[in-house]
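>>> Based on what follows, work out the 3D shape:
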Amino acid sequence: MNKEQPVITTQDLTRRFGDTIAVKELTLEVYQGEIFGFLGHNGAGKTTTVRLLNGVLNNNGGQAKVLGMDPQKDGAALRLHTGVLTETPALDDQLTAREQLSLYAQIYNVPEAEISQRVERMLEDFELGERGDEPVGGYSKGMRQRLALARTLIHKPKLIFLDEPTSGLDPVATRQVHELIQDLSHNNGHTVFLCTHNLEEAQKLCDRVAVLEHGQLMALGAPRELAQNLWKGVRLEIELAKLGATEAVAALGSLPYMRDVEWHDTNNTATVWLPDREFIPEVVNTLVTAGGRLYQLKLQEPTLEDVYFAIHEDQGATVKNMDNALKKAALKKVLSTVDGGVL
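I've put the predicted structure just below:
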């Protein structure tokens, strides 16, 4: 990631549809070579933002620069240097992979002399070579997604927008797409703008993330930094013997500082939230005194999921039982952090 070369810069970027504000005063920078996660629930404004950044929609306020160009004025020229993979990419089931890649190469003005070689390279890189001459209608969902990604890259774009690229894929296909995304960024210098609501995916892949709610930027920074800034407590996973576990877990719930206790019957584990790690010895003593037999205790790092649900105040999330004072204090600390990245 090269912080000296932002490929996307927005300042108070705004888009309205009638009385609805889809994107509200969005200000951020995306740097060359990074995987930038754009998180938010359906309707948060992610797709609208991508359209604004590619010049497909005009903004109602603010400004943006993408690859040094103004999307509103230079949209057609800009789109020759960006690649966009939508959540449900349209593929012609009657055409072969080779035919589709060749067609898109022509659309994006790839020199005629380079098309054949570039298509073959894409088929090879995305493991489609052996079936490159078969109609796409017979492809699996994972193969179709790899083809759609190959099509997105056929003109060697500097900036790639991916919208839910692993939606509906099985674990094997998901892993393949993840590896492709990491290779594009870390080994080939592409900048990847990844729209997703998959928090685990974002935490695994992204150098930085932005959290959007109702078109407004709520948080911006590296996943680990955001999680640590927001969640100052401790989360423990405790494995207990089944016998005596009910009484032991009940005893934990009676501790005055205990934020939350969840029992998982499938693997005989309890997940507990504490204000500080200094309470861990007392937790262990309480378990043993109550007759619990402790097999394993694991200290867990805060996750991007904690950040996301705290920001969205989702009462069903892992921070569901934080009291209002704790929520406000945690969010206030994050919102006042500059280097940590929350605005």
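
>>> so where does the residue most central in space within the chain fall, helix or strand?
Ranked by distance to the mean C-alpha position of the chain (CA atoms, centre = their mean), the top residue is residue 202 at 3.0 Å. Secondary structure here is read from DSSP states H and E; on that basis residue 202 sits in helix 199-205.

>>> model confidence over that helix, on average?
Across helix 199-205, the average pLDDT comes to 89.

>>> Could you list the buried residues of that helix?
The neighbour-count check on helix 199-205 (16 or more other CB atoms under 10 Å) flags 199, 201, 202, 203, 205 as buried. From N, CA and C alone the C-beta is placed, and that goes for glycine too.

>>> tell me which of those is nearest to residue 222?
Residue 222 has its nearest neighbour among those in residue 203, at 10.0 Å by CB to CB.

>>> And the closest residue to the closest one other than its chain neighbours, how far from residue 32?
Counting by CB to CB, 6 or more residues apart in numbering, residue 203 lies nearest to residue 304, which is 4.3 Å off, once chain neighbours are set aside. Distance from residue 304 to residue 32, counting by CB to CB, to the nearest Å: 23 Å.

>>> out of these two, which sits in the busier spot?
Set side by side, residue 304 and residue 32 show more neighbours around residue 304, with 25 against 19, by other CB atoms under 10 Å.

>>> could you measure the more buried one against residue 155, distance?
Remark: distance between residue 304 and residue 155 (CB to CB) = 32 Å.

>>> again, but for residue 124
Using CB to CB, residue 124 is found at 17 Å from residue 155.

>>> the more surrounded of the two?
Between residue 124 and residue 155, residue 155 has the larger neighbour count (other CB under 10 Å), namely 18 against 13.

>>> count of neighbours near the closest residue to that one other than its chain neighbours?
Distances taken as CB to CB, 6+ apart put residue 108 closest to residue 155, at 3.6 Å, once the chain neighbours are dropped. Using other CB under 10 Å, the number of residues around residue 108 comes to 16.

>>> Surely residue 108 is in contact with residue 80?
Yes - using CB atoms under 8 Å, residue 108 is in contact with residue 80, at 6.4 Å.

>>> Test my guess that the residue nearest to residue 203 contacts residue 209.
Yes - Residue 304 lies in contact with residue 209 (CB under 8 Å); the separation is 6.8 Å.

>>> what helix or strand is residue 23 on?
Assigned by DSSP H and E, residue 23 belongs to strand 20-32.

>>> what packs against that strand?
The contact analysis (3 or more CB pairs under 8 Å, 6 or more residues apart in numbering; DSSP states H and E) places strand 20-32 against strand 2-17, helix 46-53, strand 61-66, strand 191-196, strand 216-221.

>>> Pipe these into TSV and attach mean neighbour count per row.
Shown next, in TSV, are these (neighbours: other CB atoms under 10 Å):
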stretch	mean neighbour count
strand 2-17	16
helix 46-53	24
strand 61-66	18
strand 191-196	25
strand 216-221	21
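
>>> show me where the stretch 201-343 of the chain has strands.
With strands called from DSSP state E, counting those that start in this stretch, the stretch 201-343 of the chain shows them at 208-213, 216-221, 234-240, 260-264, 269-274, 294-300.

>>> For the stretch 51-200 of the chain, which residues score under the pLDDT cut-off?
For the stretch 51-200 of the chain, applying pLDDT under 70 flags no range at all.

>>> ok, which stretches of it are strands?
Assigned by DSSP E, counting those that start in this stretch, the strands in the stretch 51-200 of the chain fall at 61-66, 82-85, 159-163, 191-196.

>>> Present the ones you listed as TSV; the columns should include distance to residue 13.
Putting these into TSV (distance: least, CB to CB, whole Å) gives the following:
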stretch	distance to residue 13
strand 61-66	4
strand 82-85	16
strand 159-163	15
strand 191-196	14
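
>>> Of the ones you listed, which is nearest residue 170?
Smallest distance to residue 170 across the strands of the stretch 51-200 of the chain (CB to CB): 17.1 Å, for strand 191-196.

>>> Each with direction, which strands does the closest one pair with?
Strand pairing for strand 191-196, using DSSP bridges, gives strand 35-39 (parallel), strand 159-163 (parallel).

>>> Which stretch among those is buried most, on average?
Mean neighbour count, computed with mean count of other CB atoms under 10 Å, is highest for strand 35-39 among those, reaching a mean of 26.

>>> picking that back up, excluding sequence neighbours, find me the nearest residue to the residue nearest to the centre of the chain.
In space, residue 202 comes closest to residue 37 once its chain neighbours are excluded; the distance is 4.1 Å by CB to CB, 6+ apart.

>>> can you list contacts of stretch 15-23?
13, 14, 45, 48, 49, 52, 57, 59, 60, 214, 215 (CB atoms under 8 Å, 6 or more residues apart in numbering).

>>> got the end-to-end distance for that stretch?
5 Å (CA to CA, to the nearest Å).

>>> any idea of the mean pLDDT in it?
95.

>>> Please consider this matter closed, and thank you.
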